[in-house]
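**Student:** Here is a sequence with its predicted model. Questions after.
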Amino acid sequence: MSVPVTTRLDEDTVDALDRAVEAGLAPNRGAVVSQAVRAWLSTHSEEAIAASYRRRYAEPDEADLELLLALGAFSASACLAGEQT
């Protein structure tokens with residue numbers, strides 16, 4: 001079951017929708033809008049975003065770990081040096 005949703009689109013977007021329908025890419029404007037919304041949601045949903053983070057940060061990058069260790073050592077040194085004065 002579909003639910004009607006009212007939206008306002010600029011003339012250029014509506015013209016593009018009409019050209020897509022005329023070209024046979026979709027049966028009507030609503031089908032184009034529906035497909036676009038589904039595509040957007042598939043990459044912007046909470047689950048899609050979480051999956052993206054899992055893929056990106058699944059294993060720590062060796063260079064990142066080395067940088068973090070170096071920054072940590074520097075910070076510790078700076079703190080200790082500050083207590084010496």
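**Tutor:** Done, it's in. Numbers count the residues shown, from 1 in each chain.
**Student:** give me the low-pLDDT residue ranges for this structure?
**Tutor:** 83-85 (pLDDT under 70).
**Student:** biggest helix in it, by residue count?
**Tutor:** Longest helix in the chain, counting residues (DSSP state H): helix 62-84.
**Student:** Run the chain-centre distance for it.
**Tutor:** Distance of helix 62-84 from its chain centroid, counting by C-alpha atoms, centre = their mean, to the nearest Å, is 33 Å.
**Student:** likewise stretch 40-50?
**Tutor:** Worked out by C-alpha atoms, centre = their mean, stretch 40-50 lies 7 Å from the chain centre.
**Student:** ok, now stretch 55-66?
**Tutor:** Relative to the mean C-alpha coordinate of its chain, stretch 55-66 is positioned 20 Å out (C-alpha atoms, centre = their mean).
**Student:** Export that stretch to CSV, keeping only CA atoms.
**Tutor:** This file holds the C-alpha atoms of stretch 55-66, laid out as CSV (Å, rounded to 0.1, in the frame of the first residue of the first chain):
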residue,chain,number,x,y,z
ARG,A,55,33.7,-1.2,6.9
ARG,A,56,35.9,1.9,7.3
TYR,A,57,37.1,1.2,10.8
ALA,A,58,37.0,-2.6,11.0
GLU,A,59,40.7,-2.8,11.5
PRO,A,60,42.9,0.0,12.7
ASP,A,61,45.3,1.4,10.2
GLU,A,62,49.0,0.8,11.2
ALA,A,63,50.0,4.4,10.4
ASP,A,64,47.1,5.8,12.5
LEU,A,65,48.2,3.7,15.5
GLU,A,66,51.8,4.9,15.1
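**Student:** which other residues reach it?
**Tutor:** Residues from elsewhere that reach stretch 55-66 (C-beta atoms under 8 Å, 6 or more residues apart in numbering): none. No exception for glycine: its C-beta is placed from N, CA and C like everyone else's.
**Student:** got it, and stretch 44-53?
**Tutor:** Identification of contacts with stretch 44-53 by C-beta under 8 Å, 6+ apart yields residue 42.
**Student:** how far out from the middle of the chain is it?
**Tutor:** The answer for stretch 44-53 is 7 Å, by C-alpha atoms, centre = their mean.
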